[in-house]
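Trainee: any chance you can model this:
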Amino acid sequence: MLNVGTMVGTSLFVLPGTVAAALHAPGLVIGAWAGGGILVLLGALCLAELAAAMPDAGGEVVYLERAFGRVWGYLYGWANGVIINPCAIAAIAIAFATYLGVLVPLGRPGVKGWAILSIVALTGLNMLGVRAGATAQNAITALKVLGVAGLAALALLAPAGVPSPAGPAPGTVTLQGAVLAVVAIVWAYDGWYEVTFVGGEVRDPGRTLPRSIVWSMVVVILLYAAANLGYLAALGVSGMAASARVGSDAASAVLGPRGASVAAAVVATCALGGNNGIILTAARIPYVMAREGMFFRPVGRLDPRHGTPVVSLAWQGTWAMALVLLGAYEQLVTAIVFSSFIFHGLAALAVLRLRHAAPALPRPYRTWGYPATPVVFAALCAVLVALTLTASPRESLFGLGLLLAGLALYPAFRRAAP
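Mentor: Numbering: from 1, shown residues only. Reported below is the predicted structural model:
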């Protein structure tokens with residue numbers, strides 16, 4: 001299932017400790033992971049209508065342009081090319097190096113160095129052509145799902161001497177901590193919208209698309225809840241809260257050092273595979289925008305031998321490496337969530353707008369629970385963005401500043417466009 005493969009990623013092996021440190025109680029931890037899944041499910045149900053109505057559109061860029069005007073589609077493309085994807089590449093590279101540190105002691109400078117080295121290697125691989133990049137993706141989704149299932153099994157394997165998750169960790173839940181937990185969880189579900197991009201390629205999209213969305217979300221919610229139960233059984237809330245590598249630490253608590261090494265190798269491999277996929281596809285966004293005159297023109301150049309957007313790949317990789325040096329994993333995640341949920345909320349409002357502005361638009365699937373579903377999701381996105389700005393102003397303002405920079409450049413790009 002496409003959504004399962006895109007959602008299950010390295011964040012599940014890094015961020016549960018952040019959530020536990022913020023919420024302190026097992027019930028709150030499990031409930032928050034389930035609640036985050038329900039939140040993104042509402043968004044996916046909204047985007048499913050837009051994807052089925054405009055199956056060849058290319059995602060939120062065109063949905064927003066159709067509903068609100070060209071500048072909004074441009075801003076979403078800018079956000080993906082400058083904030084969301086480069087920050088994701090940097091964050092996943094840090095996760096890779098963090099788990100590599102279980103196998104080879106690195107220290108903080110070493111983590112940053114290996115994160116940068118992984119970006120250089122994967123960017124170079126993708127400059128050689130799509131086939132070279134795609135070959136590295138084989139079996140990654142299956143490996144990720146097996147890894148999560150293995151961590152969930154720790155709940156059954158944990159011996160009686162392992163710390164009990166029954167009691168809460170010391171501390172109280174603060175607004176800043178709760179917001180950080182929500183940001184971590186919705187990032188862990190990132191990719192929930194991917195299946196909406198292929199709405200026109202499935203048979204009977206009005207029936208198949210919502211079923212695919214709902215069942216893939218149910219599978220991932222259960223996987224994530226089960227994995228966190230495994231973490232709780234192995235480490236307890238306090239142990240999770242103190243862990244930066246909760247996956248390998250949980251495996252170590254139950255299976256010993258060898259188990260930790262195996263878990264670390266699986267997570268590091270998944271991180272490389274996931275980042276390869278992002279690098280492979282994300283560079284196409286600024287490349288296409290540059291070809292249309294809506295981004296810096298040199299970024300639109302192709303390598304004559306391999307047919308790859310080498311300048312876009314080089315720019316993306318350089319910016320991602322700078323972000324590795326500038327921020328920690330959680331800071332990068334916050335910038336991503338703040339920026340992306342502005343546009344996810346607008347996409348939900350686009351459902352409402354197009355129902356009135358384009359009533360004749362074919363809609364083989366209509367959002368379940370309309371109009372409550374898009375209204376509730378858009379409102380929750382607005383609350384999440386506002387709370388993130390309050391709780392993490394530096395990271396949020398970083399994302400907002402880059403968005404405003406894109407808006408300032410829009411008139412110049414528009415004048416230069418063919």
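Trainee: straight-line length of stretch 278-290, end to end?
Mentor: 19 Å (CA to CA, to the nearest Å).
Trainee: list the buried residues in it.
Mentor: Buried residues in stretch 278-290, counting neighbours by 16 or more other CB atoms under 10 Å, are found at Ile278, Ile279, Leu280, Ala282, Ala283, Ile285, Pro286, Tyr287, Val288, Met289, Ala290. Bear in mind the C-beta positions are built from the backbone N, C-alpha and C, glycine included.
Trainee: let's have these in CSV, adding secondary structure, pLDDT and distance to Pro304.
Mentor: Putting the buried residues of stretch 278-290 into CSV (DSSP: H, G, I helix; E, B strand; the rest coil; pLDDT from 0 to 100; distance: CB to CB, whole Å) gives the following:
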residue, secondary structure, pLDDT, distance to Pro304
Ile278, helix, 83, 25
Ile279, helix, 86, 21
Leu280, helix, 79, 20
Ala282, helix, 84, 22
Ala283, coil, 86, 17
Ile285, helix, 85, 22
Pro286, helix, 90, 19
Tyr287, helix, 90, 15
Val288, helix, 85, 18
Met289, helix, 88, 21
Ala290, helix, 90, 17
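Trainee: nearest to Ala314 among these?
Mentor: Nearest to Ala314 among the buried residues of stretch 278-290, counting by CB to CB, is Ala283 at 8.9 Å.
Trainee: contacting residues for the closest one?
Mentor: The contact partners of Ala283, taken as CB atoms under 8 Å, 6 or more residues apart in numbering, are Asn126, Pro309, Ser312, Leu313, Gln316.
Trainee: dump the residues you listed into CSV; add secondary structure as well.
Mentor: Below are the contacts of Ala283 laid out as CSV (DSSP: H, G, I helix; E, B strand; the rest coil):
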residue, secondary structure
Asn126, helix
Pro309, coil
Ser312, helix
Leu313, helix
Gln316, helix
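Trainee: switch those over to JSON lines; also include neighbour count, pLDDT and distance to Ala271.
Mentor: Converted to JSON lines, the contacts of Ala283 look like this (neighbours: other CB atoms under 10 Å; pLDDT from 0 to 100; distance: CB to CB, whole Å):
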{"residue": "Asn126", "neighbour count": "27", "pLDDT": "84", "distance to Ala271": "16"}
{"residue": "Pro309", "neighbour count": "25", "pLDDT": "88", "distance to Ala271": "23"}
{"residue": "Ser312", "neighbour count": "27", "pLDDT": "93", "distance to Ala271": "22"}
{"residue": "Leu313", "neighbour count": "26", "pLDDT": "94", "distance to Ala271": "19"}
{"residue": "Gln316", "neighbour count": "27", "pLDDT": "94", "distance to Ala271": "17"}
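Trainee: low pLDDT regions in this protein?
Mentor: Applying pLDDT under 70 to the chain flags the ranges 1-6, 56-58, 129-145, 147-148, 150-152, 154-171, 194-202, 205-206, 418.
Trainee: so what's Cys46 up against?
Mentor: Going by CB under 8 Å, 6+ apart, the list of residues near Cys46 reads Ala347, Ala348, Val351, Thr367, Thr373, Pro374, Phe377.
Trainee: widest-spaced pair of those residues?
Mentor: Top of the distance list for the contacts of Cys46 (CB to CB): Ala347 and Thr373, 12.3 Å.
Trainee: what about Val61, neighbour count?
Mentor: 22 (other CB atoms under 10 Å).
Trainee: so which strand or helix has it?
Mentor: Taking DSSP states H and E as the criterion, the element that holds Val61 is helix 60-68.
Trainee: just Thr18 next, same as before
Mentor: Here Thr18 is assigned to helix 16-23, by DSSP H and E.
Trainee: what comes up buried for the following helix or strand past that helix?
Mentor: Scanning forward in sequence from helix 16-23 by DSSP H and E, the next helix or strand is helix 26-53. By neighbour count on 16+ other CB under 10 Å, the buried set for helix 26-53 is 26, 28-30, 32-34, 36-37, 39-53.
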